[in-house]
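1. the following comprises the amino acid sequence and a computationally predicted model.
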Amino acid sequence: MQTESITREHDIWEYTPDMDIIETSVLDQVLESKQAYNPDDYTDADIKSVLNKTILSPNDLGALLSPAATPYLETLAQRALQETKKHFGNTRYLFTPLYIANHCDNSCIYCGFNKENDIITRAKLDLDAVERELISISKSGLQEILMLTGESPEYSPIEYIGEAVKLAKKHFNIVGLEIYPANVADYTYLRDCGADFVTVFQETYNPEIYERFHIGGKKRIFPYRFAAQERALKGGMRGVAFASLLGLDHHRKDAYATALHAYLLQRKYPHAEISFSVPRIRPIKGSLDGDFYEVSERDLLQIICAFRIFMPFAGITISSRENKIFRDNVLKIAATKVSAGVDTGIGAHSGESVGDEQFEIDDNRSVSQMKDYLKSAGLEPVMSDYIDAR
Amino acid sequence: MNSNDKLTIGGTEFTSRFILGSGKYSHELISAAIERGGAEMITVALRRANTSGDDNILNHIPKGITLLPNTSGARDAKEAIRIARLARELGCGDFIKIEVIRDSKYLLPDNNETIKATEALAKEGFKVMAYMYPDLNVARDLVSAGASSVMPLAAPIGTNMGLATKEFIRILIDEIDVPIIVDAGIGRPSEACQVMEMGADAVMANTAVATAGDIPLMADAFRQAIIAGRQAYLAGLGRVITDKAAASSPLTGFLGE
């Protein structure tokens, strides 16, 4: 993709000529349903009725995310735990993110990688440095890695990412990607290089708020980002992950849309492995002020439990942005994947960081510390449960 | 227990009729669960057995236990076949449990692809144990394709919902000549006992044991339940139908003496 200058004058619905447009009704379904979702519509009786069901509809999800469900948080947690046990037993997966570049073409008001942010040091690892990082991380015993770049096709072209994925596959069994949204053919190429999963954060499913926060760069084009998971699945990726950055729009509404997005794609692509992340807005270096919704730990736990009960088979990743106590407890209830040994700076695993981090982390436990914790909680740390049979 | 009452799968004899899963609980508890459950065969997801060191589940299974590697993760016959071959290369033996699943929500097996994989792998000398949705025609096709046993699900994997497909399993027990091993969905020992009483040849359980408060103790409970059910089956159930034959005007009275 060539870089173009997309500014706040650009219509967020207008694709650029190099972008794939796929036939899909999922976007309309999600936006219509989100529009109709009013968290305050639900009553105590609705919550009780949902808790008696074994298979939940999107409307039931709406109930679980509503204020009416908040007095039932303990009940939700108990139910979530049962669902987690059924589908995952006591196993919990470990991984670490590896940031290989932090150049970004986008201007997102809340993000440290924002191209307007000139306080942070930009860097991109060359392939030798990428491999040094990979080797250093693999010594921890991890088998799964999530490769991340800032969103700059110019600095981090698909071919660069593909080569980095090939290196990652030499040292890791499972390779996830969190990069800028790409076209179907790009995803196929990256899969062939060894990538298994694609994560794209939609940030918010509210187009008006999206437009306000994403003032420049290709990320501004809302529907192209929205369809990234579907393009990734069409391109042959094994699984896709979903998230909104909770706090940009009202968290109940964005959580509802996030899960609905995943639900509809899973119905369309039944084999797809689905997972969720649940990031909240955190302080960042050089960030601009914005109006954010406050998302408490209580709110976040309600969302996590609702996701677990609505889609019991989906993975839920708990970020190191959250603190140790919260992560430890959520891992007991509903989260199935956890990062450990995290350093979001560029090049930090094998030497001095040469580029700044995207956000501050709150839980800096090493892999072995995290394994020890899981075992002490009666959980079984799993490094990989994937065998490449393609 | 009658020591002559053996379960024979693919030419190998087993005394125990309890096949234990291994995938959802701590590696450290596997030995104890096997021992208390009296299991002689344990399933292992190959995708959990291809890593190194402590994380490799194979390193936690005691010697002398027959491994039943499964092809979980396979989405079609081709992938199942590749995983089976890899299992053999890794030294897991000739038994293979075919699991082909291309639905991440309910994890229901794809019967058609399972037949294809069974046919190919039986030809390669594998002792194929086919996890399936209980359909009589499919079970017959699996036997024709060379399956050593068929493993009908009692309910969707992991749900502990119990014998949701009981009447269909009953038909398989009646019609199919290879061992019928009831797999998936069994949530409690009483349900294992019930299918054994019906004449199932063995029971496989994973989640029900893995999510119990005391894993080895639950394995022991399953062991006893399975033995009880088997013995009841061998003994021949006594009169359990309600006696309604005492009508004052018997329908068959016209036949005379």
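-> That came through fine.

2. quickly find the element holding B:Arg82.
-> Following DSSP states H and E, one finds B:Arg82 within helix B:77-89.

3. my error: substitute A:Ile274 in the last question.
-> Using DSSP H and E, A:Ile274 falls in strand A:273-277.

4. just the helices in the stretch 1-150 of chain B please.
-> For the stretch 1-150 of chain B, applying DSSP state H, counting those that start in this stretch gives helices covering B:30-37, B:77-89, B:111-123, B:136-144.

5. what comes up buried for the shortest one?
-> The one in question is helix B:30-37. In terms of neighbour count (16 or more other Cβ atoms under 10 Å in any protein chain shown), helix B:30-37 has its buried residues at B:Ile30, B:Ala32, B:Ala33, B:Ile34, B:Arg36, B:Gly37. (Glycine included, C-beta is placed from N, CA and C.)

6. ditto for stretch A:204-216
-> Those would be A:Thr204, A:Tyr205, A:Asn206, A:Pro207, A:Ile209, A:Tyr210, A:Glu211, A:Arg212, A:Phe213, A:His214, A:Ile215, A:Gly216, for stretch A:204-216 by 16+ other Cβ under 10 Å.

7. swap in stretch A:369-382?
-> By 16+ other Cβ under 10 Å, the buried positions in stretch A:369-382 come out as A:Met370, A:Lys371, A:Tyr373, A:Leu374, A:Leu379, A:Glu380, A:Pro381, A:Val382.

8. what helices and strands are in contact with whichever helix or strand comes after the strand holding A:Ile274?
-> For strand A:273-277, the succeeding helix or strand toward the C-terminus, using DSSP H and E, is helix A:297-310. Helices and strands touching helix A:297-310, by 3 or more Cβ pairs under 8 Å, 6 or more residues apart in numbering or on different chains; DSSP states H and E, are helix A:58-64, helix A:73-88, helix A:251-268, strand A:315-318, helix A:324-333.

9. so which of the ones you listed gets nearest B:Ile157?
-> helix A:73-88 (8.5 Å; Cβ to Cβ).

10. how far away is A:Thr336 from A:Lys169?
-> In this view, A:Thr336 and A:Lys169 are 23 Å apart by Cβ to Cβ, to the nearest Å.

11. who's more crowded, these two?
-> Legend: neighbour count by other Cβ atoms under 10 Å in any protein chain shown for A:Thr336 and A:Lys169, higher for A:Thr336 (21 against 18).

12. I figured the more buried one hits A:Arg92, correct?
-> Yes: if you go by Cβ atoms under 8 Å, A:Thr336 and A:Arg92 touch, sitting 5.9 Å apart.

13. partner strands of the host helix or strand of A:Pro381, with direction?
-> Secondary structure assignment for A:Pro381, by DSSP H and E: strand A:380-382. Here strand A:380-382 has these sheet partners by DSSP bridges: strand A:91-101 (parallel).

14. average pLDDT for the helix or strand just after the strand it pairs with?
-> Where DSSP H and E defines the elements, the next helix or strand beyond strand A:91-101 is strand A:107-108. What strand A:107-108 shows for mean pLDDT is 84.

15. can you tell me how far A:Leu134 is from chain B?
-> According to Cβ to the nearest Cβ, to the nearest Å, A:Leu134 and chain B sit 16 Å apart.

16. what's the pLDDT at the residue lying closest to that residue once chain neighbours are set aside?
-> Spatial nearest neighbour of A:Leu134, chain neighbours left out: A:His171 (4.6 Å); criterion: Cβ to Cβ, 6 or more residues apart in numbering or on different chains. Note for A:His171: predicted pLDDT of 95.

17. okay, now A:His171: neighbour count?
-> Neighbourhood size, A:His171 [other Cβ under 10 Å]: 18.

18. and it, what is it in contact with?
-> Residues in contact with A:His171 (Cβ atoms under 8 Å, 6 or more residues apart in numbering or on different chains) are A:Glu131, A:Leu134, A:Ile135, A:Ile137, A:Ser138, A:Ile145.

19. now do 10 Å
-> A:Glu131, A:Glu133, A:Leu134, A:Ile135, A:Ser136, A:Ile137, A:Ser138, A:Lys139, A:Leu142, A:Gln143, A:Ile145 (Cβ atoms under 10 Å, 6 or more residues apart in numbering or on different chains).

20. alright, that wraps it up for me.
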